[in-house]
Each structure stands twice: as structure tokens, then as C-alpha cells.
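Participant: A structural model of the following input is requested.
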Amino acid sequence: MEQALLTRLESAVVRLETLAASGSAPLVSSRDLPDASALDPAISAFEDLVADSLGRVSASAGKIGGQVLDATKILEEAFAALRELLVKAKRSQKPDLAGLAEFLKPLNNVMVKANSLTEGKRSDYFNHLKTVADSLTALAWIGYSGKKCGMSMPIAHVEESWQMAEFYSNKILVEYRNKNPDHIEWVKALKELYVPGLRDYVKRFYPTGLAWGSVNSASSYSTSITKAPTASIPASPPPPKAPLCSTESVSSRPKEGMSAVFEEISSGKSVTAGLRKVTNDMKTKNRVDRSGAVAATEKRGHTSSFSNNSKASPKFELQMGRKWSVENQIGNKNLIIDDCDSKQSVYIFGCKDSVLQVKGKVNNITLDKCTKVGIVFMDVVAACEIVNCNGVEVQCQGSAPTVSIDNTSGCQLYLSNDSLGTSITTAKSSEINILIPGAGPDSDWVEHSLPQQYLHNFKNAKEAQKSILGSRIRHCSLPMAKRLIPSLNRILVEKIVPPSKTSAGILLPEKTTKLNSGKVVAVGPGFHCSNGNLIPISVKEGDTVLLPEYGGTEVKLGDKEYYQKLMEEVRFLSRRLPDDAWPPPLVDRVLKLLWNDAPRALLFFRSLLLLPSFHPAASSFDHAVDLAARIHDHCSVRFFLGLRGRIALPPSPRTFAILFERHTSAGKPDRAVRAFLSMHHQGCPQDLHAFNTLLDTLCKSRRVRKAASLLKVFRDRFRPDAVTYNIIADGWCRIKCTSQALEVLREMVELGIEPTKNTYNILLKGYFRADQVKEAMQFFKQMKKRGRKDSPSDSECRPDVVSYTTMVHGLGLAGQLDNARKLFDEMVGEGCLPSVATYNALIQVICKKGCVKDAILLFDEMLRKGYTPNSITYNLVIRGLCHAGKMDEAMEFFSRMKLDGCEPNVQTYTILIRYWLEEGEFEKGLELFGRMGEQESCLPNLDTYNVIISAMFVRRRPEDMLISGKMVMEMVERGHLPRKFMFNRILNGLLLTGNQEFAKELLRLQEKYRCLHREIRL
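Facilitator: Next up, the predicted model:
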């Protein structure tokens, strides 16, 4: 046995020596290696997902063919690219940012290919192409690298991406609902591919991002397969049949691994021959420099805080169109900014021995860490700030409301005649001189030095203050409160304390001593509007004002308490102006025109409240409350409601109707119910009309079950009428429960309440909402049959113009256009003339069918018969022309609309802007948007901004991302809050296109408006 073992070992040694002599390694075939991707459960699960879900999408696309099939093939390419990236990631280390972009390049190329299908002229399958292109962004979850990468978590990213694509997939479902079931099947299969397919896959295997391979795994694939040796190798003998027992001791075997290394080190000096030896003079005890004496070192001078970084590169540029940045300029005397406006700011940092000229009005100017720098500017809207500077000269040739000097040594400030009223604030500064023009035109500048040192003495418990160095300021012995000057549009008020007892000594009750009024002791300079003009405060010291119950800042000086309030929070009492300065109808009209710019409308109304002669009407307060509640400005809502109570103008039923609607639209119906229960406490009658208003608000928000339960509770307190039951029936029809609506009708009859025409029309419309066309036709025939009878109860069942309009519109939407036309022609024979709404319904269904020419003929017939089309009529025709791709004819119809005396509304502009952007004509769409801003009667709403921002993401250019960011800033300033998904999408787009500075501006905007509760991931 031992002899056989020795023979086999000798053969193996010969074979190894032959391999070593040839310099080759044994051949290992790739077929002998296990496939890592096949054994990985994540890759196997992904292949199952593609085979199952994506296979059904491809099968449905094969039935449709055409562009849908081409888009589906691109979808298959994208998922194939994603699989290759998953396999590649297992074998690679995590790259840096540039390496990650190169890693994702194959997937990005497929996405670009999909987006190219949606460009150019829109085809019949545009919604299919957009659905595929937008859904492919879900595959970008593989690029998530952490919380600071600017993306949502992988699971959330997949869901948000499908929500973006679902907008177009829903259009496909509506368009092909009764036409071709293959399109419906394709959409459903595509949705199941992403949600829950891809979402659950990512949640299972990659919830926190892609899993990258280790260092060893990256190299194992490159070293496992080598070339075959060229020399012949003798075959090794076969192993013995019986088990072998070696008698050789373990210690006699050659050592391997770390044992061999340590054995080599212990073998002798040959291993350590190259190491450096420590001589005697290198030992610590023999070193001269460690004798204990302290060597003299060169003293370093104190570095000034104003020192400039000369190594930094100079900068002179306009950033993001809003901020001029002048940095690290040394010895440059010819710096000029001539192209500027009042919305831009100027920031000068780290400059030395330079001069800057600003030719124009800017928002603010800041000098930071500059030495021997001169600046000349015209006008400043906000302030000029000088911080951490040394030896600077500043000249104002126009006006500047405020100049702030902080931690500065040496500053010459030249003021013009227009800026003599400038407020100058200094802190921790020295050598500050103010130079103003002399009396004559040829006079020299008059210099005034600002004091930097004061002497304080206390005599008889009163403070006397004197300046020591060059003070030209004379301090008077004023009361302590008058030495506090409020800033901007704030005032300091001393609250009037009413007497607690009469002159005869009789104590007054606590309720009679409560008075929310005060005396003004100090006022601020005012505030600046957008054009830079100073708006002074309309009160003066000594006036009496009304104070709100809450708000403001309490200031305690000595034994007295003062309150600092915003001017908008008080009401002036002492003076009167003509009562007809602002009549209520004019105020209501202005508030309606500014409906889409709620902050400006509220500022206008608050400014009117400051006028002593203005007497607000109840309708003006209702408009203001509605505007404030729409933008979630709850503080203003409470302020207006409280002010109405203080001026003896209690809330009206219209006010509570607004509160009901806003509470329910915000998802808080319980607050609407509580507001209804508190009506009698506010001096408003709690009657059946108010109860019906509450029920109507709940039903319109699809909370009919809550409304029905309230009806059961308050049935004995408020006796329901036909209007009450009509509201409940309409609520059931809105959620497509026609059977419950019929139960309401039966209950009305049992209680002896006669159904009205409105009741039957509600049920008729409910059938069409529930897609019950046959039932609607039968119900309409019964109405006609019972309406021919002579009884008074049956006359209410006779169809009217609303009934026919509902039938025409419902049949047209159901695809029965011929029956709708036939019913429209029968109206006149039944003694019922069509209205403008009837024509609008027929025009809408004809345009949806794609027969725009027939819609225009019907529009001309409408004019011939003496009907006056409204804005809805024009919008329907314009939408039909745009949908058919006839944009030039749509613009001609738009011009015709103006000539006919019908002013375009925000929906008209939004339709045209949307279709111009979808056609790729971005310039024309943005031009129309600019024309909206020119006329105050048609301001853009939330839909307009969403259409433009969504279109900007089609081309995905850096300049388009900037336009989207500016749109968000504008819409927030006008009171329109973007959705969380839209806000995060714009932030990610700005970051991915290199616009980090503007992304920070959006984040600062989010911090400014606390009502923007958005989850930002950067």
C-alpha cells in the first residue's frame, strides 16, 4: 500500500515540475465553473419577473403592433440592460460618482432611446409611448447610493416613477374603455410589471440600494481561467482503491502559509540584511537635541481676520440670474456691473485694492472680508451691508434705506442728498466716517464721525449718556420706551389698562374692565414694496389702536408692559377719511381678480383694513377667509374671524359654508361638523339651510355615508325637505351607488315629500356615472311617459332642458353619438328648446369622437340661431382642434374668441400652452404663459404651472430645469403649493443637471414658507 502511494506522489511531482518549467497553469474550462448569476437568488428572481410579467406585456403588445410593439421592445432592452448591471455589480467594487455614471450608461442610453419616440409630432399612440418612457425612470433605482445622492429610496423611487407614468396610462384606459380590450390588457400588464412586480422585487433583495461585490470577487473572475499549457503533461496515476494510512509524522511535512513566513524570518540574518540598523548616536539618551534646553523659535505675527486668500481664483459672474458674485479681485480698478435689476443682489468677498461700480438699482449689496475696496452704487432696495472689512469706501449716489456696518475697521461712507434719511447701524466697528454734500452745489463734503466709545453715569436713578470720541449726536432724556425704535412696519404699543373701580370707589366686574386697545409710543420707518419705494406707517405716536387677542412680542421695561405688533395686526381708531374711498363692490371685484394670487390679495385687503375710512362688508370678509383657507393660512383665517367679531360684524352663513368646504377639501370633515355645531355661538342661525350646506359639502367630497348618518341624528331637529334628500341622492350617485339613490327616492315618497325635477335629473345623471346606459334610457322613457299625464305630481317628472342635456352628454360619452344627435333633434319637437349648455355637451362629445369639423359646423349653427357662446364653448372647440393637431386653426379660433367679446380665461390659456408644449414648441407655449401675466384678470393657476413643469422634464435640459425651478418659486409666492412628488422631482432634476445652487434656493424657499411640509432627500 505504501509503495503504491509513493509511486503516485512521484508521478504528481513530475507533473508539477513540468508545469513549472513551461510557465503555465492547468487549464480550467469555463464550463467547469459554476455560473454565479445562475446561482444568485436575486438574479433568478429577476429572470422570473421578466419571464412572467414582462412576457405578458410583450404578448399584449404583439396583438396591438405598430409603435406600441416598438416601445415594448425598448422596454425589454431596458430590463435586459438592468439584468446585466445587476450581474456586473456582483463582480465589481462600488465606484465613485464618475464611475457610477459610466456604469449606468447602458441603461441611460435605452432611456434616451425611449424618450426620442415621444419627441416631434404627436402620434395616435402618444400616450402609450409616454407611459413606457416615463415608467423606465423606475429602473434608475439601481443608481441609489445613499441619502445624499438626491434620490428617493429604491422602493419609493419605483412607486413615484410609476405614478408619473400612470397619468398617461389612465388616458389609455379612458380612451380604449369601450373600443379595444387589447390596450386595456397591455396597460394592466405594464402596471403589474412595476407595481407590485418590480417594487416587491426591490423590496425583497435591494431595499437600501444595490449590493456591490468585494475586492476578491472582482478579481476571481479574471484569474480563474488561464491558457492551456503547450508542453505535454504525463497523466497522474489513478488513486488507490483502499484508504491510505500514512506513517509519516506531521512535523516532517513542509510548512505552508504564515508558518513558512515565520520560519524564514527565524532562519538568520539573510532575511533582515536589507533593514536599517540603529546606531548609538541615534539613541535617545545620546541625542544632542534632547538635552532639555528649549530652542528659540521665530515669533509669528498675529494674522488679521481680514486677510485675503490670494491663492483663490478671482470670480466676477452672475449666478442663477439673481446674484452677482465678485470674489478674490486684487488690484482691479475697472470692475463695472451695468446690466442689473432690482431683483438681483451683489456679493463682494475677499477683494483687495479694487473698485466696483454698480450702474443701476439692485436688491442688496454685501461687502465681506475686503481690504481697501471702493464701491459706487446708485440705488439699493433693501440694505448695504459691510462685514469684516478694513479700510473700505462706499458711495451711494441714489437712495439706500439701511446701511449696516459690522466688525469693520475704517469705513468712509458717502451719502447723496436722496439718501440723507438712511438708517445706519454699527456694531464692533471703529473709524467710521459719514460724508454728506455741503449746502451749495460747489461746496465740499461735510464729514461726520460716528462715536465708538461712550461714558455712562447714573444720577438720581436716571441714566445720562455721553460719547467720548468725536460724537456729533446729542442724547435727550427720553422715556425708556421711546428709545426703542421698532423695525420695518412694526409699532410699539402701551396697552391701556381700564379702571377697576369708579370714582366713588365701586369695584367694576372683570368683564367690564377687559379692553383690547393701546396707545402708540413708537413707530418703525415702514417697509419697502417690490419696486423699492418706502411705504410709511399710517399711525403716529399718541394714536389709539385696537389690538388682537393673540400675537406680537411682549416687552417689559421697568414696571410697564409694552407690545410690539405688526401694523397689519392693529386697527387705527383716531382719524377718519371719506367713507366712499373703497366701496365694497370694488373690493370684492379686486379680490376675485386676484384669486390665483392669494398672498397679494390678502396683502391688499389687510392694507385696506389699515385705512380709518374703510368699512369692510361681509362679502369682502368672506372672500378674504376663502383665500386664506385655500392656501392654508390658518393664522389669517383666525385673524379675520376675530376682527369680524370685534367690529360687530358676525360671520354669515356664507362664511360657514366656506369653512365647511375648506375643511372637507383638506380631509378634515370632523372640523366641518364642529364648525356647524358652533354656529350659534358665533351669532349665526343654525337652521335647515345651513344643515343642507353641510350635507352638500360632505356629499361633494364623496363622504355621503357620513352625511347620511348626520341626517339620521338631526332628523328630529331639522325637518328634512326635498333639497335635503336631493343632496343625499346626489351623494350616492357620485360614488356610483344608484340603488341607494333609489332608496332615497322611495323614502321621500313614503314621507310625503314630492320629488322635484332636480331629483329625477340627479338619478338620470347617476346612471350615466355608473356606466348604466340601458338603465338610464329606461328611466328617461319612464320620465317621458309619466310626464304626458295631467296630474301635478307627474308634471314634475316631465323631462326638461337639463334632462335632455344630461342624456346627450351621457350617450355621447358612451360612444352612442348617433343616438345623442337624434335626441338633440327631438328636443324641439317635444317643446324643449336647447340651451347653451346643451350645445356645449354635444360639441364636447363630437370633439371626443374626433370630428372637429362637425363641431365647428354645430358652433356656426349655434350662432345663426341666436345663441351666444360662452368661454366653455370656445374652450371645447379649441381643445378639439389642438387634439387633432391643428394648432394654427386653434390659434385663429383663439383670436376669434377675443373679437367676439368673450375674454379667454385661465383654462383657455392652459389648453393652448399644454398642446404647444406637447408639440415641442416650447417657445410658443412660454410666450402664451407670458401673455397671461400681462393681464391681471387671467393669472395662471396650479394646473398651468403643473403643465409647464411636466413638459420641462421631457427634454431634460439644464435650462429647462432652471425654468421649472423658477416656476415653483413663482407659484409658491402666489399661494399655490406644489405636490410632494413634483417638488422632489424638480430638486432631483436640478441636482442631476448641475444646478446645485438653485436647488439650495428652493430649499431656502421651503424653509421660508413653513406651510410647505415636503420631505426633501438630498
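
Participant: So which bits of the helix or strand that contains Arg606 are buried?
Facilitator: Per DSSP states H and E, Arg606 falls inside helix 598-609. By neighbour count on 16 or more other Cβ atoms under 10 Å, the buried set for helix 598-609 is 598-602, 605-606, 608-609. (Glycine included, C-beta is placed from N, CA and C.)

Participant: Then stretch 705-719?
Facilitator: Buried, per 16+ other Cβ under 10 Å, within stretch 705-719: 706-708, 710-711, 714, 718.

Participant: can you list those in TSV and add secondary structure, pLDDT and distance to Arg734?
Facilitator: As requested, the buried residues of stretch 705-719 are exported to TSV (DSSP: H, G, I helix; E, B strand; the rest coil; pLDDT from 0 to 100; distance: Cβ to Cβ, whole Å):
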residue	secondary structure	pLDDT	distance to Arg734
Lys706	helix	91	13
Ala707	helix	91	11
Ala708	helix	90	13
Leu710	helix	90	17
Leu711	helix	89	16
Phe714	coil	88	21
Phe718	coil	86	22
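
Participant: ok, of these, which one's closest to Asp687?
Facilitator: Nearest to Asp687 among those is Phe718, at 7.4 Å by Cβ to Cβ.

Participant: thought that closest one was touching Asp687?
Facilitator: Yes. Counting by Cβ atoms under 8 Å, Phe718 touches Asp687, with 7.4 Å between them.

Participant: Which SSE is immediately downstream of the helix of greatest length in the chain?
Facilitator: Counting residues, the longest helix found in the chain (DSSP state H) is helix 66-90. Next in sequence after helix 66-90, counting helices and strands by DSSP H and E, comes helix 97-103.

Participant: Next SSE downstream of that next one?
Facilitator: Helix 97-103 is succeeded, C-terminally, by helix 105-116 (DSSP H and E).

Participant: list the helices and strands that following helix packs on?
Facilitator: Under the contact criterion of 3 or more Cβ pairs under 8 Å, 6 or more residues apart in numbering; DSSP states H and E, helix 105-116 touches helix 66-90, helix 126-135.

Participant: Now do the last one against helix 105-116, angle only.
Facilitator: Spelled out, it's helix 126-135. 160 degrees (axes from the mean of the first three to the mean of the last three Cα atoms, to 10 degrees).

Participant: could you give the angle of helix 126-135 to helix 66-90?
Facilitator: Using the same axes, to 10 degrees, helix 126-135 lies at 10 degrees relative to helix 66-90.

Participant: Could you tell me how far helix 126-135 lies from the centre of the chain?
Facilitator: From the chain centre to the centre of helix 126-135 is a distance of 24 Å (Cα atoms, centre = their mean, to the nearest Å).

Participant: which residues make contact with whatever helix or strand comes next after it from outside it?
Facilitator: Downstream of helix 126-135, the next assigned helix or strand under DSSP H and E is helix 154-175. Outside helix 154-175, the residues that touch it by Cβ atoms under 8 Å, 6 or more residues apart in numbering are 127-128, 130-132, 134-135, 137-138, 140-141, 144, 151-152, 183-184, 186-187, 190-191, 194-195, 198-199, 202-203, 206-209, 981, 984-985.

Participant: So which residue is smack in the middle of this structure?
Facilitator: Phe983 (3.0 Å; Cα atoms, centre = their mean).

Participant: any idea how far Phe953 is from the closest residue to Ala71 other than its chain neighbours?
Facilitator: Take Ala71 and drop its neighbours on the chain: the residue closest to it by Cβ to Cβ, 6 or more residues apart in numbering is Val132, 4.3 Å away. Val132 sits 15 Å away from Phe953, going by Cβ to Cβ, to the nearest Å.

Participant: Separate out the buried members of the contacts of helix 154-175.
Facilitator: 127-128, 130-132, 134-135, 137-138, 140-141, 144, 151-152, 183, 186-187, 190-191, 194-195, 198-199, 202, 206, 209, 981, 984-985.

Participant: Identify all contacting residues around stretch 429-439.
Facilitator: So stretch 429-439 is contacted by 405-417, 420, 424, 426, 443-450, 452 (Cβ under 8 Å, 6+ apart).

Participant: before we move on, back to that, of the helices and strands packed on helix 105-116, give the one that comes closest to Ser620.
Facilitator: helix 126-135 (44.9 Å).

Participant: Helix or strand: which one has Val521?
Facilitator: Under the assignment here (DSSP H and E), Val521 is part of strand 517-523.

Participant: Would you mind checking the average pLDDT for that strand?
Facilitator: Averaged over strand 517-523, pLDDT sits at 78.

Participant: tell me the helices in the stretch 551-700 of the chain, going along the chain?
Facilitator: Ranges of helices in the stretch 551-700 of the chain, per DSSP state H, counting those that start in this stretch, are 584-593, 598-609, 618-630, 634-646, 653-665, 669-677, 688-700.

Participant: What angle do helix 634-646 and the fifth one make with each other?
Facilitator: I take that to be helix 653-665. Using the same axes, to 10 degrees: helix 653-665 against helix 634-646 is 160 degrees.

Participant: May I see the buried residues of helix 653-665?
Facilitator: Neighbour-count burial for helix 653-665 flags 654-664 (criterion: 16+ other Cβ under 10 Å).

Participant: CA atoms of the helix or strand harbouring Glu923 as CSV?
Facilitator: For Glu923, the host element (DSSP H and E) is helix 922-934. Extracted C-alpha coordinates of helix 922-934, given in CSV (Å, rounded to 0.1, in the frame of the first residue of the first chain):
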residue,chain,number,x,y,z
PHE,A,922,-41.7,75.4,-26.1
GLU,A,923,-41.1,79.0,-27.1
LYS,A,924,-44.7,79.5,-28.2
GLY,A,925,-46.0,77.9,-25.1
LEU,A,926,-43.9,80.1,-22.8
GLU,A,927,-44.9,83.1,-24.9
LEU,A,928,-48.6,82.4,-24.1
PHE,A,929,-47.7,82.0,-20.5
GLY,A,930,-46.0,85.4,-20.5
ARG,A,931,-49.2,86.9,-22.1
MET,A,932,-51.2,85.5,-19.1
GLY,A,933,-49.1,87.6,-16.7
GLU,A,934,-49.6,90.8,-18.7
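
Participant: now the helices of the stretch 551-700 of the chain in CSV, with mean pLDDT?
Facilitator: CSV is the format used below for the helices of the stretch 551-700 of the chain (pLDDT from 0 to 100):
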stretch, mean pLDDT
helix 584-593, 82
helix 598-609, 80
helix 618-630, 86
helix 634-646, 81
helix 653-665, 88
helix 669-677, 89
helix 688-700, 91
